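*Asks:* Structure for the following, please:
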Amino acid sequence: MKPSHLLLILLTLSSSLLPFASANNIGEVASICSHTDYSFLCIYASVTYGQSYAVIDAASLLAMHIKMTTDHTQTAKVIASTFAANPTTTPQVKQALGVCLKQYDDAFDDLAKGTAAVAGHDAGTANSMLSAVISYYSTCDDAFAEIYAANPLAKQDDFLMKMVSNALALAQLILE
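*Replies:* Residues are numbered from 1 along each chain as shown. Alright, predicted model coming up:
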């Protein structure tokens, strides 16, 4: 079965989870999400945050991705802080966690700047800010690679990079 058919089946089955979606809207969400690298995550964002939007279009999907990224970055920050506060965590790992915490703070700032740039139709700044956010999560991963330690935040970082990748694709749709 082709991935696009599987996606359509998933959307049809999940329509009961989409209180805002009409039969036409499901197709529109799938169509917009097909322009992203991680269509399933795009649809997941629409299911998770869509009830807050009267209209689901590329702009609202971008806002949902940024909101979800912000929320999940906050969760990753709490996890990092918890590991850093654990007395059994080694000094090297604590230092790497400190890098991650700094990067997560920078991500919050650049997500806000990226949102403002999209609102101002500034494609260059939006692209720069969102691309920088991806690099922050990657830098967190690199901090652990440098000390040859497993990153306890690797799954969160991977999810976050995928969400921002989708946000970049959605911003491009809006700003074309």
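
*Asks:* next helix or strand past the worst-scoring helix or strand of the chain on mean pLDDT?
*Replies:* Counting by mean pLDDT, DSSP states H and E, the chain has its least confident helix or strand at helix 3-13, which shows a mean of 47. Next along the chain after helix 3-13, taking DSSP states H and E as the criterion, comes helix 23-33.

*Asks:* So for that following helix, what gets flagged as buried?
*Replies:* Across helix 23-33, burial judged by 16 or more other CB atoms under 10 Å covers 25-26, 29-30, 32-33. For every residue, glycine as well, the C-beta is placed using N, CA and C.

*Asks:* same check, this time on stretch 115-130
*Replies:* In stretch 115-130, counting by 16+ other CB under 10 Å, buried: 115, 117-118, 122, 126-127, 129-130.

*Asks:* Of all pairs in the residues you listed, which one is the farthest apart?
*Replies:* Within the buried residues of stretch 115-130, T115 and N127 form the most distant pair, 13.0 Å apart (CB to CB).

*Asks:* If we ignore the residues flanking it in sequence, what's nearest C33?
*Replies:* Closest residue to C33 apart from its sequence neighbours, by CB to CB, 6 or more residues apart in numbering: C42 at 3.5 Å.

*Asks:* Repeat that for D57.
*Replies:* Once flanking residues are discounted, D57 sits nearest to I32: 7.0 Å by CB to CB, 6+ apart.

*Asks:* State the distance from the one you found to N86.
*Replies:* Look at I32 and N86: by CB to CB, to the nearest Å, they are 42 Å apart.

*Asks:* ok, G114 to V164 distance?
*Replies:* According to CB to CB, G114 stands 9 Å off from V164.

*Asks:* what sits in contact with each of the two?
*Replies:* With contacts defined as CB atoms under 8 Å, 6 or more residues apart in numbering, the residues shared by G114 and V164 are 130, 133.

*Asks:* Mind splitting the chain into its structural domains?
*Replies:* Annotated domains of the chain cover 3-52, 66-175 [automatic domain parsing].

*Asks:* Could you list which residues are in contact with M64?
*Replies:* Contact partners of M64, counting by CB under 8 Å, 6+ apart, are 45-46, 48-50, 53.

*Asks:* Write the PyMOL selection for whichever of those residues are buried.
*Replies:* Selection of buried members from the contacts of M64 for PyMOL, criterion 16+ other CB under 10 Å:
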select buried, resi 45+46+49+50
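
*Asks:* Could I get the contacts of M64 in TSV, plus columns for pLDDT and distance to I174?
*Replies:* Shown next, in TSV, are those (pLDDT from 0 to 100; distance: CB to CB, whole Å):
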residue	pLDDT	distance to I174
A45	94	15
S46	93	16
T48	91	20
Y49	92	17
G50	90	17
Y53	88	14
